[in-house]
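Colleague: Coordinates for the following, if possible.
(2 chains)
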Amino acid sequence: MMITNMMQKLIYTLLFVLVSQLAHAKLEIQIIQGNASALPIAIIPMQWRATDPRPLTGVSEVVSSDLYRSGLFDPLDEQDMVDRPVDAESIRYGTWRLLKVDYLVIGHVKDAPGGTGYDIVYQLFDVHTQEALLSQITTVGLGDLRFGSHRVADAIYEKLTGVAGAFSTRIAYISSTGLGKDQNFQLFVADADGFNPQAVVGSPEPLLSPNWSPDGQRLAYVSFEKGNSAIYVQNVATGQRDLVSSGKGINGAPAYSPDGRFMAMTLSASGNPEIYVRDLATGQNRQLTQHWAIDTEAAWSPDSKWVYFTSDRGGKPQIYRVAATGGKPSRVTLEGDYNARSSISPDGSRIAMAHGRGNEYRIAVLDTDTGRTRILTPGVLDESPSFAPNGSMILYATREDSRGVLSAVSVDGNVRQRLILTEGDVREPAWSPVIR
Amino acid sequence: MNTTWRFLLALVIAVSISACKTTEPAVDTTPTDTMDTKPATDVTTAAAPDPRDYTDARNFDNSESLLSKRVIYFDFDKSEIRSEYRPIVAAHAAYVSAHGSARVTLEGHADERGTREYNLGLGERRSNSVSGLLSAAGAMGMQLDSVSYGEERPVCRVSDDSCWSQNRRVEIVYTAR
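Modeller: Numbering: from 1, shown residues only, chains lettered A, B, ... in the order given. This is a model prediction of the structure:
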């Protein structure tokens, strides 16, 4: 059987549709700006009482990093911990008041009953009132200690800010290396803190636009492995995937509706790019836009009733919206000469977008209540904003020294962190929903 | 020697010379058997097709010919074909319309500025421009195919005007000649 070039490319791509560990592709996190009103908290290293050898990175380290990264907390360095209480009775509150710490977390890790994993037993104390705000046991399977630590961070975050945490979520992103014939693309899924990146697709042809299903189990994405853009949906855990659309022209920008019933996509088979909505139960497509302009980059409102999209029907790209059931689109963005690739916050109150002026592109957020637009990032080639599932932060793609990197900015713009991949040009981040 | 002898000698010499001049060997037009001749190791021959014969496939590799030019460049945010590139498109139209078996894929690209999916649309507008011009000049629809790569397949990765202008392009790729 003759192996054609196209078949070879297909084979290479299929070989990579597996889950694999890639330790060298870790994201490094650097805090660029801090927040003066961050809550001072001390997370005491938890005592290891399980029978397995203790891991290199303990629970308290992961929790501290998570809270620090959110920009709302100021965790005490371990070396400054003059005291290391393990149980409530041994807490000397005077010490912590002197260290100007407002909150204290203590605990231990032991074997879960039945030998199925670990119990993380912990308590959160208010140093001033000496009150236990949380007293919990988080149980995780063997090998899931990091995930358990993220759940602990979520609980502490929610208790002290009133907002659900997003630390035990995941991010997807694309990394590209090389140029020309040597160019290679990979779609990665990593923990929200950048650890455990796993390549779920690898291809010598372009990959773009990863988009999570609302249950966090699947990723839709665009792949050029067939020689033209095509939309696939892949189960992240199993690697199994389905081809969703591969017609003539562009097949792009897949977007699941939050209720999981529909997928919006961009198809140009009719002659120019238009938004279509596919009923996932029946497989039927309905055309949502009808205009000679480029209509693309669909994003859903949280109630699945509106589809926001990028259109240059007015000359240059701006954000429009149209009822998901059909109707006349109306323009949403009124400021700036270029607005594209919207991302709607989980509560619908904010719209993030790539906002361009001349050669410079920044992430801006439009407040749907006030109609005001705020620029959150310094640019100059920022794009692909993706809201955290708790709406507190926005992950986006930017460039630094001719290399693509990811950054995260708090929704008020006060805290910004760069996540740097150790190799490759990183782009197209997508923050997963909360996975229950 | 007296004058008469000198004259006669000169005459003989003159006749001999003119005889050499006027007597040409008959040109042998029968093809020679190459095996009988010694190999000419110092001789190289080169094809020199008329560079303006756009139906001649040899001109694809002839840098003198427009057929060897297979990339069209575009202005920022534009998909109109600049006047300086129209002759190149016309040359390829001439080739494609003269060869029914020819198949061309137009690969459209954009520079990195702006969002990726929008740039897929921009790359497609550019490849459509070129394919439209090829069709108008005689290429048949079934001979033309288009793909947009947006900003995904850059030829350089520097964020400056020089690199950006190299990436805003349509590549004319012959999948069959």
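
Colleague: Give me the distance between the two termini of stretch A:338-351.
Modeller: Length of stretch A:338-351, first residue to last, C-alpha to C-alpha, to the nearest Å: 15 Å.

Colleague: Could I get the average pLDDT for that stretch?
Modeller: Taken as a whole, stretch A:338-351 has a mean pLDDT of 97.

Colleague: Same check on stretch A:402-409?
Modeller: Mean predicted lDDT for stretch A:402-409 stands at 88.

Colleague: Show me where chain B has its strands.
Modeller: With DSSP state E as the criterion, chain B has strands at B:71-73, B:103-109, B:144-150, B:169-176.

Colleague: How about the stretch 151-300 of chain A?
Modeller: With DSSP state E, counting those that start in this stretch, the ranges of strands along the stretch 151-300 of chain A come out as A:170-177, A:184-191, A:198-203, A:207-212, A:218-223, A:230-235, A:241-245, A:251-256, A:262-267, A:274-279, A:285-287, A:295-300.

Colleague: Take those and lay them out in CSV including distance to chain B and mean pLDDT.
Modeller: C-beta coordinates here come from the backbone N, C-alpha and C atoms, glycine included. Putting the strands of the stretch 151-300 of chain A into CSV (distance: least, C-beta to the nearest C-beta, whole Å; pLDDT from 0 to 100) gives the following:
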stretch, distance to chain B, mean pLDDT
strand A:170-177, 8, 95
strand A:184-191, 8, 94
strand A:198-203, 11, 96
strand A:207-212, 6, 98
strand A:218-223, 8, 98
strand A:230-235, 11, 98
strand A:241-245, 14, 97
strand A:251-256, 4, 98
strand A:262-267, 6, 98
strand A:274-279, 10, 98
strand A:285-287, 16, 97
strand A:295-300, 5, 98
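
Colleague: winner for burial among those strands?
Modeller: strand A:295-300 (a mean of 28; mean count of other C-beta atoms under 10 Å in any protein chain shown).

Colleague: With only the CA atoms kept, save that strand in PDB.
Modeller: The C-alpha trace of strand A:295-300 is given here as PDB (Å, rounded to 0.1, in the frame of the first residue of the first chain):
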ATOM      1  CA  ASP A 295     -18.400  36.600  10.800                       C
ATOM      2  CA  THR A 296     -16.500  34.400  13.200                       C
ATOM      3  CA  GLU A 297     -15.300  33.700  16.800                       C
ATOM      4  CA  ALA A 298     -18.700  32.900  18.300                       C
ATOM      5  CA  ALA A 299     -19.100  33.100  22.100                       C
ATOM      6  CA  TRP A 300     -22.200  32.300  24.100                       C
END
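
Colleague: Which pLDDT value goes with A:Ser65?
Modeller: At A:Ser65, the predicted lDDT confidence score is 87.

Colleague: How about the secondary structure of it?
Modeller: Secondary structure assignment for A:Ser65 (DSSP: H, G, I helix; E, B strand; the rest coil): helix.

Colleague: so what's it closest to, chain neighbours aside?
Modeller: Leaving aside its sequence neighbours, A:Ser65 sits nearest to A:Asp193 (C-beta to C-beta, 6 or more residues apart in numbering or on different chains; 6.4 Å).

Colleague: ok, back up a step: compare the strands of chain B and give me the one nearest A:Pro346.
Modeller: strand B:144-150 (28.6 Å; C-beta to C-beta).

Colleague: Taking strand A:251-256 as reference, get the angle to the closest one.
Modeller: 50 degrees (axes from the mean of the first three to the mean of the last three C-alpha atoms, to 10 degrees).

Colleague: Pull the distance from strand B:144-150 to the chain's centre.
Modeller: Centroid separation for strand B:144-150 versus its chain: 23 Å, with C-alpha atoms, centre = their mean, to the nearest Å.

Colleague: what are the pairing partners of that strand, and which direction each?
Modeller: The strands beside strand B:144-150 in its sheet (DSSP bridges) come out as strand B:103-109 (parallel).

Colleague: Going by neighbour count, which residues of the partner strand are buried?
Modeller: Residues of strand B:103-109 classed as buried: B:104-109 (neighbour count, 16 or more other C-beta atoms under 10 Å in any protein chain shown).

Colleague: next one: stretch A:374-383
Modeller: The neighbour-count check on stretch A:374-383 (16+ other C-beta under 10 Å) flags A:375-377, A:379-383 as buried.
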